[in-house]
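Undergrad: Got a sequence here, can you build the structure:
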Amino acid sequence: MAKIFSGGEAFRGSGAPSLKSEVSVTSNSNRVLLDSEELNAASGPFNLCCAKAYAQFTELKRIKMHPGNMTKERDAVESCSANVYNGIQSSCLEQFEAVKSCLGDNTDEWAKCAVVRRELEVCSVRNSLGELKK
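TA: Prediction:
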């Protein structure tokens, strides 16, 4: 008699990550949806102001942790990114808009935007956004 393939067998290989039985899926209400222009413009401050959260999440991806076991780390990245973005909107909006404009005007030569990107990064750090908040 042939065994019916249910699909679950595909995830039981020796190299496949497994989901911990005690994992709970949470919802992080502190999220922002960014378009690619906003994401590219804010990438520098995200990396500077959320370095710890990004490093922890990236390490779990590197060791191929099951995504269901990374909820806490994923929420930390999303929450920190949202806090940084909201801080940029309230404290560094002029610099952020300058970066967006420069990147839009120089789609193939982002190096031309280094000065305005640096100004946004400095503003983000000076305003202690994300993990830099004391």
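
Undergrad: alpha carbons only for contacts and neighbour counts from here, please
TA: Will do.

Undergrad: what sits up against stretch 117-126?
TA: Residues outside stretch 117-126 that contact it (Cα atoms under 8 Å, 6 or more residues apart in numbering) are 41, 44-45, 48-49, 84, 87-88, 91-92, 95-96, 99, 132.

Undergrad: ok, the spatially most central residue of the chain to residue 51 distance?
TA: Geometric centre of the chain, nearest residue: residue 77, 5.1 Å, by Cα atoms, centre = their mean. Separation of residue 77 from residue 51 (Cα to Cα, to the nearest Å): 9 Å.

Undergrad: Buried ones among the contacts of stretch 117-126?
TA: For the contacts of stretch 117-126, a burial check counting by 16 or more other Cα atoms under 10 Å picks out 41, 44-45, 48-49, 84, 87-88, 91-92, 95-96, 99.

Undergrad: Look up how far residue 64 lies from residue 116.
TA: 36 Å.

Undergrad: typed the wrong thing, it's residue 131
TA: Relative to residue 64, and taking Cα to Cα, residue 131 is found at 25 Å.

Undergrad: and residue 116 and residue 64? which has more neighbours close in?
TA: residue 116 (20 against 13; other Cα atoms under 10 Å).

Undergrad: helix/strand/coil for that one?
TA: helix (DSSP: H, G, I helix; E, B strand; the rest coil).

Undergrad: quick one: contacts for residue 82?
TA: Taking Cα under 8 Å, 6+ apart, we find residue 82 in contact with 30-32.

Undergrad: cool, residue 45 as well?
TA: Counting by Cα under 8 Å, 6+ apart, residue 45 touches 84, 120-121, 124-125.

Undergrad: Same question for residue 113.
TA: So residue 113 contacts 99, 102-103, 106 (Cα under 8 Å, 6+ apart).
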